[in-house]
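Trainee: need a 3D model of the following:
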Amino acid sequence: MKRWLPRREQLVRQRWLAPLSHHLKDDRLWRVDRASVARAVAVGLFFGLMVPVAQIVFAVACAAWLRCHVAVAAGATLITNPLTFAPLYWLAHRIGSALLGRTNGGAEAEADLLESQAEAAMAADGMLAAAWQAVQTAGAPLLLGLAVMAVCAAALGFALVWLLWRPPHAASATSAPQER
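Mentor: Numbering: from 1, shown residues only. Have a look, this model is predicted:
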């Protein structure tokens with residue numbers, strides 16, 4: 001896992017993290033222990049699901065504020081990537097619609113309505129305007145679903161790391177052969 005996480009020097013040199021670079025030199029932000037990694041996973045999963053842009057910047061800033069492992073927080077934001085973005089946002093919209101009680105018309109009718117609105121907007125205003133209108137139409141259910149998923153994923157990520165964490169020395173002690 002270490003080879004996939006960015007190193008301290010790589011993050012400090014990023015120009016979009018320049019306002020935080022003096023904070024990133026703190027050794028507490030790079031300590032690998034159960035509490036630090038569990039908080040970092042929670043922070044990364046939360047911002048990975050909740051914030052659609054600049055996820056890593058927000059996760060690193062929050063990790064620096066909470067004094068947790070910044071590289072793990074940055075890496076955990078990758079829960080949303082080009083392969084997972086559409087299914088996660090679809091699921092978030094479904095969750096938000098269910099919580100708001102908007103499931104009466106059915107998913108097919110809602111999808112047809114969104115598609116016809118997008119086609120009309122694209123014909124009239126262009127692709128960017130159509131995308132913006134689709135986001136506005138999905139608005140409240142999507143935001144509520146993302147918030148619920150972000151909080152649940154952060155809590156679950158924290159709990160899993162906390163419960164499954166095994167200190168490195170304990171793993172090597174259990175694998176040592178016993179003398180008879």
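
Trainee: could you use CA atoms for every contact and neighbour count after this?
Mentor: OK.

Trainee: right, and residue 94 touches residue 140 too?
Mentor: No - using Cα atoms under 8 Å, residue 94 makes no contact with residue 140, being 11.2 Å away.

Trainee: okay, the two: which has more neighbours?
Mentor: The neighbour count for residue 94 versus residue 140, taken as other Cα atoms under 10 Å, is higher for residue 94 (19 against 15).

Trainee: could you say which helix or strand holds the more buried one?
Mentor: helix 85-100 (DSSP states H and E).

Trainee: quick one: buried residues of that helix?
Mentor: Within helix 85-100, the residues that qualify as buried are 88-89, 92-97, counting by 16 or more other Cα atoms under 10 Å.

Trainee: so for that helix, mean pLDDT?
Mentor: The average pLDDT within helix 85-100 is 88.

Trainee: other SSEs contacting that helix?
Mentor: Helix 85-100 is packed against helix 127-164, with contacts defined by 3 or more Cα pairs under 8 Å, 6 or more residues apart in numbering; DSSP states H and E.

Trainee: pLDDT averaged over the helix it packs on - what is it?
Mentor: 83.

Trainee: what of stretch 10-20?
Mentor: 69.

Trainee: residue 67 contacts residue 25, correct?
Mentor: No - between residue 67 and residue 25 there is no contact under Cα under 8 Å: 11.7 Å.

Trainee: which one's more surrounded, those two?
Mentor: Neighbour totals were compared for residue 67 and residue 25, and residue 67 leads with 21 against 15 (other Cα under 10 Å).

Trainee: so who does the nearest residue to residue 144 once chain neighbours are set aside touch?
Mentor: Spatial nearest neighbour of residue 144, excluding adjacent residues (Cα to Cα, 6 or more residues apart in numbering): residue 96 at 5.0 Å. Counting by Cα atoms under 8 Å, 6 or more residues apart in numbering, residue 96 touches 140-146.

Trainee: are any of those residues buried, and which?
Mentor: 141-146.

Trainee: export these to TSV and tack on distance to residue 160?
Mentor: Below are these laid out as TSV (distance: Cα to Cα, whole Å):
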residue	distance to residue 160
141	28
142	26
143	25
144	24
145	22
146	20
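
Trainee: closest to residue 73 out of those?
Mentor: Nearest to residue 73 out of these is residue 146 (Cα to Cα; 18.2 Å).

Trainee: hang on, the closest one packs against residue 89?
Mentor: Yes - under the criterion of Cα under 8 Å, residue 146 makes contact with residue 89 at 7.4 Å.

Trainee: how near is the residue nearest to residue 144 to residue 158?
Mentor: 23 Å (Cα to Cα, to the nearest Å).

Trainee: do the same with residue 66
Mentor: Distance from residue 66 to residue 158, by Cα to Cα: 14 Å.
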